[in-house]
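Novice: sequence first, then the predicted structure, then my questions.
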Amino acid sequence: MSTHTLPADVVASLEQGLAAMSLPADLAGPLLQYLALLDRWNKTYNLTAIRDPGQMVTRHLLDSLAMAPFFSTGTLADLGTGPGLPGIPLAITHPGLQVTLVESNGKKCRFMREAVRKLALANARVAESRAEALDEPGAYDNLTARAMDTLAGIIAVGGHLLRPGGRLLAMKGVVPHEEIAALPAGWQVESITPLQVPGLVGERHLVVVGRG
């Protein structure tokens with residue numbers, strides 16, 4: 001694996017975050033490689049509004065990894081993944097999880113293909129498509145969307161991808177009571193879990209919605 005070119009304080013921030021989240025220290029290597037690639041591409045292609053690698057550690061990597069305890073194996077479609085968040089960190093963390101990175105923006109898809117190739121992520125694939133146009137009905141155990149839409153909006157564009165009994169795992173700030181009240185028929189909240197993201201100011205919750 002090639003070496004990264006990130007400052008020592010960025011490396012230390014990630015290592016401390018992994019320890020605080022009780023995640024394996026050896027995840028730091030591939031995560032830093034992904035971060036260095038994202039930082040390099042971002043200078044030219046504007047893949048994310050966050051420019052500082054130190055902020056990327058907290059707001060991209062650790063925020064994505066807060067979802068890690070809720071997955072192990074199976075299939076996951078990450079809708080509107082942008083440059084691969086949270087899908088690529090989750091694929092790094094869980095080699096037994098098959099992740100489809102769903103994104104319609106061509107330059108972000110080119111970046112993700114390069115990241116998947118450089119990181120040799122055999123369990124990740126890029127689907128260059130809008131979620132509603134992805135013709136893989138019932139193919140996934142789980143959906144996620146980190147900052148894509150309301151719960152009902154995510155279901156409207158991606159609900160067809162879930163198998164019966166599948167789950168939507170949506171990252172939210174405060175508990176989205178109005179969104180929960182607006183869920184379509186046949187969908188119900190299974191759990192709401194507060195998440196602790198090292199260094200992140202403000203509330204973070206994972207809302208799990210099941211398909212009846």
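Specialist: Happy to help now that I have it. Residues are numbered from 1 along each chain as shown.

Novice: run a quick neighbour tally on the closest residue to Gly158 other than its chain neighbours.
Specialist: Leaving aside its sequence neighbours, Gly158 sits nearest to Ala131 (CB to CB, 6 or more residues apart in numbering; 4.3 Å). All C-beta spots, glycine's among them, are computed from the backbone N, C-alpha and C. Applying other CB atoms under 10 Å, we find 25 other residues in the vicinity of Ala131.

Novice: for the protein, longest helix please?
Specialist: Longest helix in the chain by number of residues, with DSSP state H as the criterion: helix 28-45.

Novice: pLDDT on stretch 71-85, on average?
Specialist: Regarding stretch 71-85, the rounded mean pLDDT is 96.

Novice: now for the residue nearest the centre of the chain: which residues touch it?
Specialist: Nearest residue to the geometric centre of the chain (CA atoms, centre = their mean): Pro86, 1.3 Å. Taking CB atoms under 8 Å, 6 or more residues apart in numbering, we find Pro86 in contact with Asp63, Ser64, Leu65, Met67, Asp78, Thr144, Arg146, Met171.

Novice: count the residues that sit near the residue nearest to the third one when sequence neighbours are not counted.
Specialist: What that stands for is Leu65. The shortest distance from Leu65 to any non-neighbouring residue, by CB to CB, 6+ apart, is to Pro89 (5.4 Å). Using other CB under 10 Å, Pro89 has 25 other residues around it.

Novice: Arg59 against Val201, yeah?
Specialist: No. Assessed by CB atoms under 8 Å, Arg59 is found out of contact with Val201, at 10.1 Å.

Novice: what about those two, which has more around it?
Specialist: Higher neighbour count among Arg59 and Val201: Arg59, with 18 against 6, using other CB under 10 Å.
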